[in-house]
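Trainee: Here's a sequence, model it:
(2 chains)
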Amino acid sequence: DAGVTQSPTHLIKTRGQQVTLRCSPKSGHDTVSWYQQALGQGPQFIFQYYEEEERQRGNFPDRFSGHQFPNYSSELNVNALLLGDSALYLCASSLGSANTEAFFGQGTRLTVV
Amino acid sequence: DQQVKQNSPSLSVQEGRISILNCDYTNSMFDYFLWYKKYPAEGPTFLISISSIKDKNEDGRFTVFLNKSAKHLSLHIVPSQPGDSAVYFCAASDTSYDKVIFGPGTSLSVIP
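Mentor: Down below sits the predicted model:
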């Protein structure tokens, strides 16, 4: 079992560009959540996908969007990148609700210059 | 507005002694609490959880205590080992909204 895999591991983008991050959940998991972790802070909830629909959303602007595919894998898209979007982006998969432990990927380190 | 707080950014403990990591929350709707451990260059790993209907949950060297009236929980690690050195995140969820809120983390160093 490969666990949760994210790609790419590192990425450098320029202000104003768009970026797509990818996540494959742990085998058997149907729910994917995305988090942004800035330096020295805890992960901040962006949104959660279940059955190919956005189920919950945190306090992030519409520039942040996502998608879940029938195989439960997911993408996070960020448009019009700002310097402040530089962070570690974590994907977590789980089975069902938030009352179950989530398994995290190693994250994608995004740097916006 | 930080709903989950971990007021100690760092903690140092001698090997073999007890490590106590604290967490406070403000949202009384939270009904499920989790602790995650994170090593550098890795994603967080689930450690232990507790439901609001309990006040204690134990798993080996790890015990989590919940005080709902004080909106406070703590993670006890006994005995502490050097491999426990990591950042520990407290997290809370309100199952009616089904999202998990993380605290800022406490960096634990266990000194051999």
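
Trainee: so A:Gln37 touches A:Ile46, yeah?
Mentor: No. Look at A:Gln37 against A:Ile46 with CB atoms under 8 Å: they stay out of range, at 10.5 Å. Every residue, glycine included, has its C-beta placed from N, CA and C.

Trainee: which residues are in contact with the helix or strand of chain B with the lowest mean pLDDT?
Mentor: In chain B, no helix or strand scores lower on mean pLDDT, DSSP states H and E than strand B:99-102, which sits at a mean of 87. The contact list for strand B:99-102 (CB atoms under 8 Å, 6 or more residues apart in numbering or on different chains) reads A:33, A:35, A:42-45, A:48, A:56, A:58, A:98, A:102, B:3-4, B:27, B:30, B:34, B:36, B:89-93.

Trainee: what element comes up after it heading to the C-terminus?
Mentor: strand B:106-111 (DSSP states H and E).

Trainee: Rounded mean pLDDT for that next one, please.
Mentor: When pLDDT is averaged over strand B:106-111, the result is 98.

Trainee: Ok, stretch B:77-97 next?
Mentor: Taken as a whole, stretch B:77-97 has a mean pLDDT of 92.

Trainee: What does the residue in chain B that chain A sits nearest to show for phi and psi?
Mentor: The minimum distance from chain B to chain A, using CB to the nearest CB, falls at B:Gly43 (3.1 Å). Main-chain dihedrals, B:Gly43, degrees, to the nearest 10: phi -80, psi 160.

Trainee: Low-confidence stretches in chain A?
Mentor: For chain A, the stretches with pLDDT under 70 are A:1, A:97-99.

Trainee: Spell out which residues of it are next to chain B.
Mentor: A:4, A:33, A:35, A:40-45, A:48, A:55-56, A:58, A:90, A:92, A:97-99, A:101-107 (CB under 8 Å from any CB of the partner chain).

Trainee: measure A:Ser24 to A:Arg63 for me?
Mentor: Per CB to CB, to the nearest Å, A:Ser24 is found 24 Å from A:Arg63.

Trainee: And A:Asn79, by the same measure?
Mentor: 5 Å.
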